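Asks: okay, here's the prediction I keep looking at, along with the sequence it came from:
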Amino acid sequence: MISRKKTFFLGTFSNYGTNIISMVIGLISVPIGLHYFGPVRYGVWAVISSLIGYLSLSNLGINTAAGTLTAKATKLFEQWVILKKSLFLLVIISAIVLSLILGINYFYPDWIIILGKIPNNLYVETTKATMMTAILFLLNLPITAFSSGFIGLQEFYWERFYASFNIIVGLFALILTTLVKGDLVTLALFRGVATFFITVICALHFLFAHRKLRQNFEKTTKDEFSSKSIFLSGIKFFIIGIAAMVVWNTDNLVISHFLGVEAVTPYAVTFKLFSVLYVIFTAINSTLFPMYGRAAGLGQWDWIRSTYQKAIQILPVVGGLVWIGGIAFTEKIIDIWTGPEAYAGMLTVFALGGYGYLLSIVSINSFLLTGLNATKNMVFIGWAEAVANIVISIALVGPLGIGGAALGTFLASLLTVSWMLPLDIYKQTQKRVKFCFRPTLLHTFLILLPCLCASILVSNYLQNDVSKILINILIIIIYLVSSWFIMSLEIRDFIINTIGNIRMRLKNMSNHRC
């Protein structure tokens, strides 16, 4: 059995690998898509892609429940029962949702207006592309139960491996569309078929690699692993997931409705860049969540508490780096990447960077609660953020434009989940895990905000590009050095030992190859 430390490193680095692939593919695909489809049609595709996020909720949280409960199960036959029942539930759900979508399309053919102000000449194409995307997604959905199995069995790296392939085939689908002179419908077809093919390979791999799971599956299992428990746990994850999708995808719809579909493109491009940076810290937490579940199943609360405390001191530093780095370099990166017309402005960058900083803290707490399957209060907390996001974004998008929608996302997180989740963890764990606010607040006000203000001033008022880049790099160095010295000695020793272990492993791998 792979050690906990090795599981963590494999999961985290595979997640970073997926992130790097996503970033590289994005650097290639966004300019290709913009050049081939044009700003308006590409904006339509961005809105359709947002719809995929909402469609992913059609699994009613069963995938997350399957991964979480499989991680908590300590017996092979229990793990197999969970996955088998999850597959059955997903087949039923997919059939129902597909029937509903086809029925709505038949009886209400003008449903496409929910996507915003679609130009008349793209109306039919957008409708067909959206339907194609939805149908292929739902046909693919049941098979994804096996990728959740990889997560639950602490083999997160395999799930990331196939996720990386999905990203790559997305680029090939786009290139193939340009070669055959296709439209958005063609792109939706190519991408959907390619994704289905990768998911089938993932399922076959899981079934072949874990044949032992299918033995003795008729034994009695705990009530926690029954179909009812899986479904109810999934529903809670589903409701939380809807709230998360509202936060992540509503801005595109708000901008499309109030400013027009052409305004979606700069926001979508800027958000895409930041979403890649967010994975720097979410990769670690998404690796930890099944490990939290396994540790809870074994009663190892000391490990959970120790790991959580390390995360809340280290990851906010990374989130602050994303915020300062975003202010310093986003405009120049987008100018080189796609051209200045795709830059959404300093207010948007400030808000998305601030949201990233909060997310570095929020994700620690949300993934811990997910791993423990302690999500009762997360439902209400998540929806508090979602409602606040909608209300504030709509209120600000008029006077502030694109930046107002982004600012709504930042303020909604600041006013809700950023402080509610830590309090809920303390309650849900019966006071065994506690978020220490003082170190985070000291770091924020003494180090992060001064460096952030300095970077804003430099980026807005310094004209020479070379000087601007050099001074911003200096600000980042000051930020990292100051953050290092404000950390506890225990955390610094942990980071040094971790880096040393990584270097040793890389050296051993190099010597082995030689």
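Replies: Received, thanks.
Asks: what helices or strands is the helix or strand F485 falls within leaning on?
Replies: Assigned by DSSP states H and E, F485 falls within helix 465-486. Judged by 3 or more CB pairs under 8 Å, 6 or more residues apart in numbering; DSSP states H and E, the packing partners of helix 465-486 are helix 301-337, helix 437-443, helix 449-461. C-beta here means a position set from N, CA and C on the backbone, and glycine is covered the same way.
Asks: what average pLDDT does the last one get?
Replies: Translated: helix 449-461. The average pLDDT within helix 449-461 is 93.
Asks: same deal with the shortest one?
Replies: When the per-residue pLDDT values of helix 437-443 are averaged, the result is 89.
Asks: just the C-alpha atoms of it, please, in PDB.
Replies: Extracted in PDB, the C-alpha atoms of helix 437-443 (Å, rounded to 0.1, in the frame of the first residue of the first chain):
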ATOM      1  CA  PHE A 437      -7.500  33.600  12.700                       C
ATOM      2  CA  ARG A 438      -4.700  35.700  14.300                       C
ATOM      3  CA  PRO A 439      -1.800  34.500  12.000                       C
ATOM      4  CA  THR A 440      -3.900  34.900   8.900                       C
ATOM      5  CA  LEU A 441      -5.000  38.500   9.900                       C
ATOM      6  CA  LEU A 442      -1.400  39.500  10.800                       C
ATOM      7  CA  HIS A 443      -0.200  38.300   7.400                       C
END
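Asks: show me what counts as buried in it.
Replies: Buried residues in helix 437-443, defined by neighbour count with 16 or more other CB atoms under 10 Å: P439, T440, H443.
Asks: same deal with the last one?
Replies: Buried residues in helix 449-461, counted by 16+ other CB under 10 Å: C451, L452, A454, S455, I456, V458, S459.
Asks: alpha carbons of that helix, as PDB, please.
Replies: Taking Å, rounded to 0.1, in the frame of the first residue of the first chain, the C-alpha atoms of helix 449-461 are listed here in PDB:
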ATOM      1  CA  LEU A 449      -2.000  44.700   1.800                       C
ATOM      2  CA  PRO A 450       1.200  46.900   1.900                       C
ATOM      3  CA  CYS A 451       2.800  44.900  -0.900                       C
ATOM      4  CA  LEU A 452      -0.500  44.900  -2.900                       C
ATOM      5  CA  CYS A 453      -0.900  48.600  -2.600                       C
ATOM      6  CA  ALA A 454       2.700  49.100  -3.800                       C
ATOM      7  CA  SER A 455       2.100  46.800  -6.800                       C
ATOM      8  CA  ILE A 456      -1.100  48.700  -7.700                       C
ATOM      9  CA  LEU A 457       0.700  52.000  -7.600                       C
ATOM     10  CA  VAL A 458       3.600  50.700  -9.700                       C
ATOM     11  CA  SER A 459       1.300  49.100 -12.300                       C
ATOM     12  CA  ASN A 460      -1.000  52.100 -12.700                       C
ATOM     13  CA  TYR A 461       1.500  55.000 -12.600                       C
END
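Asks: pLDDT weak spots in the stretch 51-200 of the chain?
Replies: Within the stretch 51-200 of the chain, the segments meeting pLDDT under 70 span 53, 116.
Asks: picking up where we left off before, pick out the most distant pair among the buried residues of helix 449-461.
Replies: By the measure CB to CB, C451 and S459 form the most distant pair in the buried residues of helix 449-461, at 12.4 Å.
Asks: let me know the helix or strand that R191 is in.
Replies: Element membership for R191, per DSSP H and E: helix 184-209.
Asks: give me the number of residues near the closest residue in space to A388 that isn't next to it in sequence?
Replies: Leaving aside its sequence neighbours, A388 sits nearest to A412 (CB to CB, 6 or more residues apart in numbering; 3.8 Å). Residue neighbour count, defined by other CB atoms under 10 Å, stands at 25 for A412.
Asks: separation between A412 and Q300?
Replies: Distance, A412 to Q300, using CB to CB, to the nearest Å: 35 Å.
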